[in-house]
Each structure stands twice: as structure tokens, then as C-alpha cells.
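Trainee: I'll drop the sequence and a predicted model, then ask my questions.
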2 protein chains.
Amino acid sequence: MVTAKALRDIVGNDWVVTAKDQTAPYKVDSTPPPVMPKAADNVIVVKPATAEEVSAIMKLANREKTPVYVRGGGTGMAGGAIPTRDGIVLSMERFDKIEEIDTRNLMAVAQAGVTLGQLLAAADAKNMSFPPHPGDEGAQLGGLAVCNAGGARAVKFGVMRNYVKGLEVVLPTGEIVTMGGKLLKCNTGLPLLHLMVDSEGILGVVTKVTLRLYPRFAGTATMVISYDNRNDAINTVPAILQAGIIPLAIEFMDREIVDLTAKYLGMTWPAPKGKAYLIVILTGANEDEVYYQAEQISAVCQKFGAVDTLMAERREEQAAILKIRSEVQSAVSPNADSLDTAVPPGEIGPLMDAVDKIAAKYGVKIPAVGHAADGNIHHILVKDIGDRGLLDQIKGEVYAAAMSLGGTITAEHGIGKKGIHYLDLYMDERQKQIMRDIKKAFDPNNILNPGTAIVP
Amino acid sequence: MVTAKALRDIVGNDWVVTAKDQTAPYKVDSTPPPVMPKAADNVIVVKPATAEEVSAIMKLANREKTPVYVRGGGTGMAGGAIPTRDGIVLSMERFDKIEEIDTRNLMAVAQAGVTLGQLLAAADAKNMSFPPHPGDEGAQLGGLAVCNAGGARAVKFGVMRNYVKGLEVVLPTGEIVTMGGKLLKCNTGLPLLHLMVDSEGILGVVTKVTLRLYPRFAGTATMVISYDNRNDAINTVPAILQAGIIPLAIEFMDREIVDLTAKYLGMTWPAPKGKAYLIVILTGANEDEVYYQAEQISAVCQKFGAVDTLMAERREEQAAILKIRSEVQSAVSPNADSLDTAVPPGEIGPLMDAVDKIAAKYGVKIPAVGHAADGNIHHILVKDIGDRGLLDQIKGEVYAAAMSLGGTITAEHGIGKKGIHYLDLYMDERQKQIMRDIKKAFDPNNILNPGTAIVP
């Protein structure tokens, strides 16, 4: 096992932490506590500042066969960052420089520990934008990239995979390599860059990212559309897309969750009518374009039985709506688990009906929020489900319902450590073997984030 | 070596071809002849119709260690499909069924041998669209997917990677597996689907694809913007994007290529003025949106010195312009080679200036067409360059110029077999080793398309 002294020799005395009270925050992430993997006892936290230091740490860890767990913002919900074996937590917090907001090439180059919040602010200051918003703004760019983060604003321009154009990576064996660059097209050999995206940190330590930016869209608005009937809301979604309107986001929330979260925040939800809501975020080159889109969407929604439509244009009004949407997870916690299934986008209605039946069968509530246009719904398995010992049973039934509709068990949270024993539901043995062989090609000693994403 | 008889036992007598005159068309693709790899002599062409037949062929080929070359539409420009060793050409031509144009989920499911032309027509018939147009409409969907085809219409919605949502794949070892589905988000284990995209057919035989569709956009127009000075045209491109307008395509052509191609086709180029042109394809939810975009673009272009702006709205007018753009490769053939570098999108001007200097140094012409907003330029190395024995030298210098600007040697054509000995320019040894190990994980006997994409 690598010693603290050996790590201090690499990064200096100030950047190695061994005291239990100081390592404790590095042993948890944002996974619901009942399903959070248990961290190992003996963990050293090391905070390198350069790719060369990361390289030295990885080489040392290889020699000593010591597990290394990469730590970003700790915002993951699948336990991917938790050190489950004695070893090293490699925190990226000192990789905090935005190297360039490149308006000519519409790209950002930033160290991996820069947070989403920092990037958004830096882009905005240069009249640019980074459209996706995968939840917590404390998430770090390296983690967002390797976890292929999604979130609400993925309808128009896609998930992180569509933005990650270049990576600097320290391989598990210590080599510092670059993949891609400020390039919109690059078909040069096997796509290792796209294997890194959604590798959940098991194939290399990302130290720098190059991300595509967009200009700041001059027109923006947020609509809240109210329905008395959930299925009417859900059925509206494909019709909006079929009309040729592609919003930045189309979110679904039911009334119960809205009320709970508004109360938790001490805020008022602006739409008094209805029992189910769509939140639609629109962007366009100017206000006219956004108005036009909003009119079209209103017409579609009315056809599908919407009882009210509200359009917020002022920044604060929009922010208030989105605040309530984004704080759902906090409002419902502590919960037993938060699921992350995806189904084909038109199958969300059938999935929610199936989950209603499961809930009725067990006499529990299973509220839902989700990225409706992406087919990605988060079912919240409330605390009561855990308390009654129903968690595994109900989770298995929700997964089975999603799979039977052509879906998957995780859309954006990833397998992490939490989901590993569910991977069999989705994946055949031969593909799992290939994944293990790929892991071995990158990491022959299995020292980087062992036990994450694939069967170790 | 697998015998014709053994293959006939799998697919039936009618679907195995051994006569030299009948196998000849399967031994070439669309690579410029001077750089096309030489095919092997002893090639058997087999035409399976089901994934099960492909599986049986792969298992047999593994037993006998016989190379198998997958054949799609033969439209590749890097020699990827050419059987360079004695073995089997596995033609996908009988995988020609479109299973579903799913308007509810905005997805198409089709067998891998369906052509781009067939998909476009089927989508159109259901009021849907498939935006990308990577050149030849005879290209097959399986090939487009595994080669991550790009083309002109990638500015707004991206290259093939953004559309490929599900694959049915026969692995080199014979297992039939599925990856993804009608899913917009799927982070379930390592992203084997995204490793398949741009694997150039060395990791598996794609038998079925699930592709994202869009609605048919009601508004569409094609602009031709004329400049007296090439750099003015090129410098306009980032300014258009910075203005928040994202066209479907922004293409660059110089006058010489335009005149040559128009003459070759017996057509008239509609823009009489200027020496360099941008072709901009616009789409929008309606005509007003497209008009607005066109106005904005005109204003930007005038600021950058455009001498004329033409907007074509009628289908036939637009088709005539795009016909001239799309037939450039035919008009200039036979040429020595057609390059496919990409640089950061704002670096196209410097790249073209550098190539001008190379051309002047050797006293040759190196005309260019390209996907300007993608940073992807095709430099045409004319026949004369080959005749004078300058091909390798000039190609090396163009590649070096692209690399020095942060670029890559192939943006969309891929490495194929033509580019293998140039891969070193872009890639370090450790990454090449990982690629070889990944290949081995999928294909332990190296029988599928050996000698393609990575060092074998």
C-alpha cells in the first residue's frame, strides 16, 4: 500500500490528508444514504495540482497495487466516487483553472476540477453559453465528462457526450495522453475519447477538458403548462417535438412533488391549477423566435387538454420555476433511493402507469420527476419504502417495467457502485467480458476506481 | 481457409460468389485509385440475410482463421472495405429492410444494408427527416454508423454519432448482441455503442441500426454568399455562429472548383460574382424563422465583405446548388488523393494559407472544398501531383500544417487502410496499444477487417 509519505514526496506536505475527520467528507457522495456503498476505513486523500503529479501517483499506485479513487465534485448519485477499498482518494479540487473561453472556436478549455458553476459564469462573461445543466453546479467538469452527465437541458443539444471534444487524460498506468482537441469532427483511430465519456472514471484520470460552447442565446423563456391529467401532459411531449419545435428542456413534475418542494423552499409555485405540469425551457436567436415557439407549443398543449399555460420571461421568474424543479431531490430526502430509468420517449406514459400499479400493489407512493422529452424519469422511492423493507423488491419491479418497454436501468446517473449487481438486467455476459477486457487494456492492475461501472 | 461450400451450407447456393468477374466490384471502393489499397486475389463474396447467418459465418471464420471484410455501400474513401488478404467479403446488401419509421418515438429502425437514400425517402413519406447527408446516398446505414459519417449537414445536429441510438451487432466471435435502443439517454456500463461508432467495422458486424429522426422542418432555404477574397469568406463563418444562428450546413467552395464542377455537370452556377463562396443551408420550424436567420446571416456577411448574397427557396433551385457542391469529387477525378483534415473551426483560414504556400512551393494547384463551420476541409491533390511523384511529400506537409494548428489527419473519412501509416502523426504508442488490446477483446483471432483503422 502506498504510504502518505510517498504521496507527500510527490505533491508536498500540504496536500496529503490522513486524519479521519478530514478524510470523512471524501468518503461520501450524493447517493441516497440507504443505498450508498460503505467506504473503506484506511483512506489517504491526495490533492495533486498537475497532470505530472497525477502521473507520478498512478505509477506509484501501480507499483504498490494500491486502489485509487478519483474525486470530483462528489455530486454523483450512484456511489461511483466512494473509496470502497483501502487506498487513495485522488481529489481534483486543485485543477481549478479555466484556461480559455475561446470565442473564435466556440470552445472552452478548462482543468478537470473546474465546477459547472464556474464554467457557466466564465462563458456568460464572454457572451457565450454552455447549454447543459446536469443538476448540481458544484459538479466538476472532469466528472461531468466521464459520467456523460445529462440533466434537463439535453433535449436541444444533447448530453455531455455532444460537448466533450478533447480530453487530457492520465492513464491508469501513468502516461499523460491527449484525445481529440478543439475539433468538431475527428475520426482518427478507435474513438478512445468517446470510450472515456461515460467510463465513470475507471479508464483514466481526466485532467483537462475541451468543451464545445454556444453563443448566448438572446431569446429565452420558461413555460409552465398545467394539466388535470398526467397522461395528457405526457402525451403532449412527442407532439411538441413532432411539430418541429425543439426546446432546450421539457420537464415533467406532478403536483405532489411541486407542492412538497415549494413548501420545503418556502416558495410559491406560480401555476395554481392542475395536477401535473410540463416545464418547457425555450431558447432562440431572439425574442420573436421564442414567442413563435411558445405559441406553437401552447396550441399543441391545448389540443392535449392543458388547463393553463404560463410563460415566464424575466430572469427571476424563470429562475424561481427552475429552482423548484432542481431542488426536488433535496426536498424529498432522506429517501430510500432515486431511480433513473429511461424508456423510448413515447413510452413514458406506459412506464408511469406500470409504476402506479406497482405502488398500488404495495400501498406506497412513488412520486416522479423527469426529463420527459428524453424518456428519462426519476422515480423517488420514499423513505417509507426502505423502512418497510420493500426497496429491492420495488426497484426490481420498476426496472423490469422499464426493460419491458425497451428501456434501461440508468439513463444518466450511471452504474457507479450502487448499480453493479443490476447490470445483468441490461447486459449479456459476452459484453460484460469485453468491458472487463477493455478495463484491463487501460488498467492492467485494476487500481483505478475498482468496483465501479462494470463487474470488477 | 473457409470454403465456398461451407458458406453455401450457411446461406444457400445463390448467395456465394466466387467468379472473378463477379467478385471484382467487391474489391474496390470510392478511394481515389492512386491511393486505393490493392485487393487480395482469392476472395469469396457471401451475402447473408439474417444476423444468425452472419453469426454462423463469423464462427466458421474464427475456426478457420479466415479474414472477413464487411461490405456496405462501398462509398468509403479510405479503403476500409477492401479485402486486402485472401478471405471472405461479407456483403450486407440483403439487409435491406426498413423495419420501422417510428413517429411516436422519433426513431427509425432499419437493417444495416438499407441505403441513406432509402432512409431519406421513408422518413419523408412519414413527414419526418434525417438531417445528416454524408455524401453518397448509396452509402449503407451500417457503414454510416460504424464510420461515424459526417458530411455537410452536421453543423446543427452533429455527425452520425449523435443519431445512432441502438445497434444490433454480430461480434467477431459470433455472438449476436444489442447495444442501446430507442433511447436518448443510456449510461449503462462502458459505452460499447459509442466504441462501435467510428470503429470502422473492426469490432463487429452491424446488422441493425436504430437512428434518431427529426420532424420534417417546414422552413428551408439555401444561401450562396459570394466574396472576392477567400479569407473574408472563411472569417465570416465563426461570426455567423457567434450571432447565435446555427445553420444545418455552412460549406466553402472556391470559384475554380465551382466552375469546373458546373462545367462537368453541364449546369450553371447561380452566383456570377466573386471568387469564393459560402453555401449556407437553413432549416426552421417555418418560413419566418428561416427568413429571420437569412437576414441575420446577410448582415454578418456584408460586414465581412460579401459582394453578393443569393437565397434559393424553391426545392429545384436549392437542389441545383447542392448538386454542384456534392459532385465536386466526381468532377475532379481522377485525382491523386482527397484529404480530409480538420482543424479548430476558427483555424481554417490559417490552414488554407499554409496549404497555399505548400502549393506555391511545388508549383501545383491544391483546390479546396469543405465543411467550413466544422473546421473540416477537403484538399484535393490533383492528378498532376501524383504524376510528378509529389503525393507523399505534399500530403505529409498538409498533415503537418493541420497538426500544428491543433488539427487531425482525418475528420470524417476515417483511417481505413489508406491512412494507417499516418496514424503515428496523431497518436502516441500507448493509445495505439490500447486500441490493439480493445480489438483483441472483441476479436481475439483478428479476423474482422484486419489491417483497418488501427495498426493490425
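Mentor: Ah, there it is. Numbering: from 1, shown residues only, chains lettered A, B, ... in the order given.
Trainee: ok so A:Leu90 is a strand residue?
Mentor: Yes. Counting by DSSP: H, G, I helix; E, B strand; the rest coil, A:Leu90 is part of a strand.
Trainee: doesn't A:Gly72 make contact with it?
Mentor: No. With contact defined as Cβ atoms under 8 Å, A:Leu90 and A:Gly72 do not form a contacting pair (10.1 Å). (Glycine included, C-beta is placed from N, CA and C.)
Trainee: pLDDT score for A:Ala402?
Mentor: Looking at A:Ala402, its pLDDT stands at 97.
Trainee: quick check: it vs chain B, distance?
Mentor: Distance of A:Ala402 to chain B, given as Cβ to the nearest Cβ, to the nearest Å: 10 Å.
Trainee: A:Ala49 in helix, strand or coil?
Mentor: Applying three-state DSSP: A:Ala49 is coil.
Trainee: wouldn't it be in contact with A:Asp14 here?
Mentor: No. A:Ala49 is not in contact with A:Asp14 according to Cβ under 8 Å; the separation is 10.5 Å.
Trainee: more neighbours, these two?
Mentor: A:Ala49 (18 against 8; other Cβ atoms under 10 Å in any protein chain shown).
Trainee: where does the stretch 1-150 of chain A have low pLDDT?
Mentor: Residues of the stretch 1-150 of chain A meeting the criterion pLDDT under 70: none.
Trainee: which residue, other than its chain neighbours, is closest to whichever residue of it sits closest to chain B?
Mentor: Proximity of the stretch 1-150 of chain A to chain B (Cβ to the nearest Cβ) peaks at A:Arg104, 3.8 Å away. Closest residue to A:Arg104 apart from its sequence neighbours, by Cβ to Cβ, 6 or more residues apart in numbering or on different chains: B:Gly346 at 3.8 Å.
Trainee: ok, the one you found - how many residues close by?
Mentor: The burial count for B:Gly346: 21, using other Cβ under 10 Å.
Trainee: ok, now which ones touch it?
Mentor: B:Gly346 makes contact with A:Asp102, A:Arg104, A:Asn105, B:Pro238, B:Gly375, according to Cβ atoms under 8 Å, 6 or more residues apart in numbering or on different chains.
Trainee: 6 Å - rerun?
Mentor: A:Arg104, A:Asn105, B:Pro238 (Cβ atoms under 6 Å, 6 or more residues apart in numbering or on different chains).
Trainee: distance of it relative to B:Lys5?
Mentor: According to Cβ to Cβ, to the nearest Å, B:Gly346 and B:Lys5 sit 59 Å apart.
Trainee: residue contacts, the residue sitting nearest the centre point of chain A?
Mentor: With distances taken as Cα atoms, centre = their mean, the residue of chain A nearest its centroid is A:Ala149 (3.6 Å). By Cβ under 6 Å, 6+ apart, the residues touching A:Ala149 are A:Pro134, A:Met160.
Trainee: distance check, it against A:Gly363.
Mentor: In terms of Cβ to Cβ, A:Ala149 sits 35 Å off from A:Gly363.
Trainee: dump the C-alpha coordinates for stretch A:364-382 into PDB.
Mentor: What follows is stretch A:364-382, C-alpha atoms only, in PDB (Å, rounded to 0.1, in the frame of the first residue of the first chain):
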ATOM      1  CA  VAL A 364     -46.900   3.100  -1.200                       C
ATOM      2  CA  LYS A 365     -46.400   6.400  -3.000                       C
ATOM      3  CA  ILE A 366     -43.800   6.600  -5.800                       C
ATOM      4  CA  PRO A 367     -43.600  10.200  -7.000                       C
ATOM      5  CA  ALA A 368     -41.900  11.100 -10.200                       C
ATOM      6  CA  VAL A 369     -40.000  13.900 -11.900                       C
ATOM      7  CA  GLY A 370     -38.200  13.600 -15.100                       C
ATOM      8  CA  HIS A 371     -36.800  14.700 -18.400                       C
ATOM      9  CA  ALA A 372     -39.900  13.900 -20.300                       C
ATOM     10  CA  ALA A 373     -38.600  14.500 -23.900                       C
ATOM     11  CA  ASP A 374     -35.600  12.300 -23.200                       C
ATOM     12  CA  GLY A 375     -37.700   9.400 -21.900                       C
ATOM     13  CA  ASN A 376     -35.800   9.700 -18.600                       C
ATOM     14  CA  ILE A 377     -37.900   9.600 -15.400                       C
ATOM     15  CA  HIS A 378     -36.600   9.700 -11.800                       C
ATOM     16  CA  HIS A 379     -38.900   7.600  -9.600                       C
ATOM     17  CA  ILE A 380     -38.400   8.500  -6.000                       C
ATOM     18  CA  LEU A 381     -38.600   5.600  -3.700                       C
ATOM     19  CA  VAL A 382     -39.600   7.300  -0.500                       C
END
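Trainee: SS state for the closest residue in space to A:Gly305 that isn't next to it in sequence?
Mentor: Residue nearest to A:Gly305 in three dimensions, not counting chain neighbours: A:Asp232, with 4.0 Å by Cβ to Cβ, 6+ apart. Assigned with three-state DSSP, A:Asp232 falls in the helix class.
Trainee: tally of neighbours for A:Arg314?
Mentor: So A:Arg314, with other Cβ under 10 Å, has 10 neighbours.
Trainee: returning to what we had before: could you dump the contacts of B:Gly346 to a markdown table with neighbour count and distance to B:Ile281?
Mentor: A markdown table is the format used below for the contacts of B:Gly346 (neighbours: other Cβ atoms under 10 Å in any protein chain shown; distance: Cβ to Cβ, whole Å):
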| residue | neighbour count | distance to B:Ile281 |
| --- | --- | --- |
| A:Arg104 | 15 | 23 |
| A:Asn105 | 25 | 22 |
| B:Pro238 | 22 | 18 |
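Trainee: tell me the one among those nearest to A:Ile245.
Mentor: B:Pro238 (27.1 Å; Cβ to Cβ).
Trainee: how much space between the spatially closest residue to the closest one that is not a sequence neighbour and A:Gly416?
Mentor: Among residues not flanking B:Pro238 along the chain, B:Gly346 sits closest, at 5.1 Å (Cβ to Cβ, 6+ apart). Going from B:Gly346 to A:Gly416 by Cβ to Cβ gives 38 Å.
Trainee: can you pull the domain assignment for chain A?
Mentor: Chain A is divided into the following domains under automatic domain parsing: A:4-91, A:98-215, A:219-328, A:334-416.
Trainee: what does the stretch 1-150 of chain A put close to chain B?
Mentor: A:Arg104, A:Asn105, A:Leu106, A:Asn148, A:Gly150 (Cβ under 6 Å from any Cβ of the partner chain).
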